[in-house]
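1. Everything below, folded, please.
(one chain, ligands or ions: 1)
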Amino acid sequence: MRRTKRDPGVLRRILPVVAMIRLTVDGIPVEAAEGSSILAAARAAGTDLPGLCFDERVSPQGSCRVCLVSVDGGRPVTSCTMPVREGMAVRTDDPRAAGAARLALELLVSEQPERALRIPADRSELVRACQRFGITGSQFHGSGHARDVDRSHPYVKLDRDLCIACGRCVRMCAEVQGTFALSMAGRGFDTVVVAGTGEEWISSPCVACGGCVDTCPTGALAEPGLLDPAPIDRATTTTCGYCGVGCSLRVHVRDEQVAAITPVHGAPVNRGHACVKGRFAYAFTRSRDRLTTPLIREAGRDSPLRPATWEEALDAVADRLTAVRDRYGGEAIAMISSARATNEENYLAQKFARTVLHTNNIDNCSRLCHSPSAAGLTASFGMAGGTNPFDDLDRADCILVAGANPTEAHPVIGARIKQRVLDGARLVVIDPRRIDLVGFADVHVQARPGSNVAVFNGIARALLDNGHVDQTFVRERTSGFDELTELLRDYPLDRAAHLAGVDPTPLAEAARLYGSARTPAIVYGLGITEHTHGTDGVRTLTNLAILKGAVGTLDGCGVLTLRGQNNVQGASDMGALPDLLPGYQPITAPRIRTRFSRAWGVEVPERPGLRILDMFAAATTGRLHALYVIGEDIAQTDPDTRRVQAALAACDLVVCHDLFLSRTAEHADVVLPAASFLEKDGTFVNFERRVQRVHPALPSPGEAKTDFEILHLLAQRMDADLGCPTPADAMAECASLTPTFAGISHDRLDQEGPLHWPCRGPDQPGESRLYLDRFATPDGRAALAARPYLPPGEQPDQRFPFLLVTGRRLPHYNSGSMSRRTPDLDLSPREVLDLHPDDAARLGLADGDLVEVTSRRDRVTFPVSLTDTVARGQVFTTFAFPDRPTNALTSDCADTTTGCPEYKVTAVALRPS
Ligand code: FES
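-> Coordinates of the predicted model:
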């Protein structure tokens, strides 16, 4: 059922406001955007006008009355609810207004326990308001309360006696997060916030985004790190290191530990919002099992890892890498760089591989997630990134979400999509599971895993049949229309629906909604790319935007690709790829190779290197002798674990950088302790090509070093100088060699804020919206792709009748190495296998029972979780828990264009354990 606004008048449209209004506040001239409140204008002008029920992120309520002002000498008005008007004269110091506000505040304080006013002022708006009015107590005697404190949740404590029933938390949960978990219960002075229907917070539908604690003006809702009254030593603004959204966060540090992380209000991507991981899951930084010294093995893989000095460890790595390189050549060594590392570290890693190891055998984990996006988007449009800024969603009237579960994997994006839908946009969800967004959707196409190309061809055919193709755009700005039209003869809706295992009705409705929209947007994720025909999935999805003329124009909102790990876009942008130098410049182009060779003073190897899955094959066949892995747990997260383990065992030398002793580190000869994203200087690129600064908020524990430092030290020991001694220098060098980053520097980012690439010069703005003049393909046209549906690599059969889909759950990310070392574990303590109740009944399984899951490669036992979010015949789980090694089951089938594994389709059998 489609969710609708609770109160149609409540939710704001977040649309660009252009007209500016001139007014005065206490005699000072002020300009404010049309539609803003007097309170917002007064605060922007520098007054500390309090407003206890006001938060600029949510709709005004006007209930606390501490924000009273006079306008043009008239009677007091609530400044939070009154919009600015041209020429108005506002007085915040009007005696009648101030007196009435003081009275309202005293009444509120009369209901509060004494401890409410002992909270440090920087953590309580109530205390700051009292300080402004000189209130230290109340002339009134309130009824007082003795309501209990809910400490059930690891991240949200509710002290009910401190609640002033301002409703900000309720509005944040509804209007910003879109979860509707909170409401006000009780009457009059007994009114208090409740989660769910009044159960303990931990058992409620709260998703722990932190919006409620962030907005609470009194400390009634608070987070553990800010309960301690001890002062915060310092706060640093940086970019989140979990997913590819790139939220701006403020890291508050006390005694060299993270005390709290809060979202930056007004930040471009997250707009003052965050999710349970970025906001709260930081305890891993000081986890007891954090690696703090290098580890080496004394005598082969059977000997234990022992602590070593950096000198010992670096000498061991340098000597053994040199020996392999000198004996077998650089192509006997491969490096896997990290989508968790900064751009500067990835730049240095690929430079190290090419200039010190003399090989192009470098890849990063985008190979395993979004390499089909890079290939598909480049082929369709000319560049390897999403086409539009996410803010364009604010003007989308229809959002097509395909193969993505943003409310769990990219929660801030999921919340923004909900906001837009609650504001009236239509929503189409194409996904094998009934994900959370389906509750907000107009239509859900529950297509069978592996059928994306059939689905998108069916919708494309319907766009043609319904007259929803922008013929002028197609004629003037595209190529390949005739070939596509010919192919689509084979994809009438009935056939496409049959191939996808769905009824034709939702597919037709999806096509009608997207086709009839004025400004449609496409948002997609790994459910499109992680397939044997992942690049075809991307190409056929982009066909829809091209046919509609909804990309490269202001009529549509383009194609947005939700990247997985925080810097998966940047790792590829920086050239940590076997066939591409920074900025996707082909290694096979002599002119480009020469430019890099001259700049680096070393001949760049010509032959493209190995992709990640090819590295494993090369190791097991004796062609690869050393594997150097930076910050990836390939033994847990890469498909077909046995094959990965065999490759690791076959290598003469395995080196890894990591925060913890990962499954991969257990196979390594040398393990080097690495810094986390909270301890680094550099930049990340988010899913919309936005380059953002990363600042170190705290020192690394023990002797851990940044990947940047480690690579420099290692190069020195191998008698090489990588140049660019600082991350800023690395970005400068990359910019000097890469036209798309030519205008990006740390200085500029620090002064101007984030920039989108391409940014072609220091005086050029970054290009957030691409292709408005021409596409970047060789002929300047968007290329329509005629791709037939081909079946996935694995199909269910009698022996393996179920389809296993892998993905993510809200509290954990990827391998879970960081989130499992935080109280997120209280929210999701173990991995389960989602199974439809009808299938469970057939197998005689009850909720929580163990089931043995067998694929053509291995078997793993899971507890089952019965849910109808998965279709009959399908099961779902993640690979965030090493004790349930899901990737022992997944196959080596991979995208035929890019080698991206087919994580989304594995044929399995289930047997009660
Ligand atoms: Fe204006 Fe509460 S902030 S009435």
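2. quick one: stretch 572-584 to chain centroid distance?
-> Counting by CA atoms, centre = their mean, to the nearest Å, stretch 572-584 is centred 21 Å from the centre of its parent chain.
3. Quote the end-to-end distance of that stretch.
-> Using CA to CA, to the nearest Å, one end of stretch 572-584 lies 8 Å from the other.
4. any idea how far Arg433 is from Val453?
-> 19 Å (CB to CB, to the nearest Å). Every C-beta, even on glycine, is put in place using the N, C-alpha and C of the backbone.
5. Neighbour count: those two, which is higher?
-> Val453 (28 against 22; other CB atoms under 10 Å).
6. That one - nearest residue in space that isn't next to it in sequence?
-> For Val453, ignoring the flanking residues on the chain, the nearest one in space by CB to CB, 6 or more residues apart in numbering is Tyr789 at 4.5 Å.
7. Let me see the contact set for the one you found.
-> Contacts for Tyr789 were tallied using CB atoms under 8 Å, 6 or more residues apart in numbering; they are 451, 453-454, 457, 491, 499.
8. now Asn405
-> By CB under 8 Å, 6+ apart, the residues touching Asn405 are 414, 431, 433, 435-437, 525, 527, 807-808.
9. cool, and Asp470?
-> Asp470 neighbours (CB under 8 Å, 6+ apart): 547-550, 555.
10. Just name the closest of these to the ligand, please.
-> Distance ranking of the contacts of Asp470 against the ligand, using CB to the nearest ligand atom, places Asp555 first at 39.6 Å.
11. Tell me how many other residues surround the closest residue to the ligand within the stretch 351-500 of the chain.
-> Nearest to the ligand in the stretch 351-500 of the chain, going by CB to the nearest ligand atom, is Gln419, at a distance of 21.8 Å. Neighbourhood size, Gln419 [other CB under 10 Å]: 23.
12. do Val853 as well
-> 27.
13. surely it meets Leu889?
-> Yes. Using CB atoms under 8 Å, Val853 is in contact with Leu889, at 6.2 Å.
14. Find residues that contact each of those two.
-> Jointly contacting Val853 and Leu889 under the rule CB under 8 Å, 6+ apart are 804, 859-860, 908.
15. neighbouring contacts of stretch 493-507?
-> Here stretch 493-507 makes contact (CB under 8 Å, 6+ apart) with 443-448, 451, 454-455, 457-459, 461-462, 508, 511, 789.
16. from the shared contacts of Val853 and Leu889, which is closest to the ligand?
-> The closest of these, once distances to the ligand are taken by CB to the nearest ligand atom, is Leu804, at 51.4 Å.
17. Pretty sure the closest one sits in a helix.
-> No. Under DSSP: H, G, I helix; E, B strand; the rest coil, Leu804 sits outside any helix and is assigned strand.
18. hang on, the earlier thing: and the residue of the stretch 351-500 of the chain closest to the ligand, helix, strand or coil?
-> Under the three-state scheme (three-state DSSP), Gln419 adopts helix.
19. excluding its backbone neighbours, what's nearest it?
-> Leaving aside its chain neighbours, Gln419 sits nearest to Gly178 (6.3 Å; criterion: CB to CB, 6+ apart).
20. For that neighbour, give its distance to the ligand.
-> Here Gly178 is placed at a distance of 23 Å from the ligand (CB to the nearest ligand atom, to the nearest Å).
21. what sits against that residue?
-> 414-415, 418-419, 422, 440.
22. Out of those, give me the two with the largest separation.
-> Across the contacts of Gly178, the longest distance by CB to CB is 12.6 Å; it joins Gly414 and Leu422.
23. From what I see, Arg325 and Glu331 are in contact.
-> No. In this structure, Arg325 is not within contact of Glu331 by CB under 8 Å, at 9.3 Å.
24. State the three-state secondary structure for Arg693.
-> On the basis of three-state DSSP, Arg693 is classed as strand.
25. so what's it up against?
-> Residues near Arg693 by CB under 8 Å, 6+ apart: 238-239, 682-683, 746, 749-750, 754.
26. Please repeat the previous calculation with a cut-off of 10 Å.
-> By CB atoms under 10 Å, 6 or more residues apart in numbering, the contact set of Arg693 is 237-239, 248, 342, 681-684, 746, 749-750, 753-754.
27. what do you get for Leu678?
-> Going by CB under 10 Å, 6+ apart, Leu678 touches 236, 238, 240-241, 249, 251, 253, 258, 261, 282, 284-285, 694-700.
28. Also Ala626?
-> When contacts are counted by CB under 10 Å, 6+ apart, Ala626 touches 317, 320-321, 323-325, 328, 332-335, 357, 361, 619, 651-655, 669.
29. Go again with 6 Å.
-> With contact set as CB atoms under 6 Å, 6 or more residues apart in numbering, Ala626 has these partners: 324, 333, 651, 653.
30. before we move on, what about Ala907?
-> 794, 796, 800 are the contacts of Ala907 under CB under 6 Å, 6+ apart.
31. Wait, a strand at the first one?
-> No. Secondary structure assignment places Glu794 outside any strand; it is coil (three-state DSSP).
32. re earlier: which of the contacts of stretch 493-507 fall in strands?
-> 443-445 (DSSP state E).
33. Highest neighbour count among these?
-> Val445 (27 neighbours).
34. Pretty sure that one sits against Ala508.
-> No. Contact criterion CB atoms under 6 Å: Val445 and Ala508 do not qualify, at 9.9 Å.
35. for the host helix or strand of Glu311, packing partners?
-> Here Glu311, judged by DSSP states H and E, is contained in helix 310-328. On a contact count with 3 or more CB pairs under 6 Å, 6 or more residues apart in numbering; DSSP states H and E, helix 310-328 meets strand 670-673, helix 707-717.
36. Now do the phi/psi pair for the residue nearest to Leu162 when sequence neighbours are not counted.
-> Distance criterion CB to CB, 6+ apart; nearest residue to Leu162, sequence neighbours excluded, is Ala220 at 3.7 Å. Per-residue torsions, Ala220: phi -60, psi -40 (degrees, to the nearest 10).
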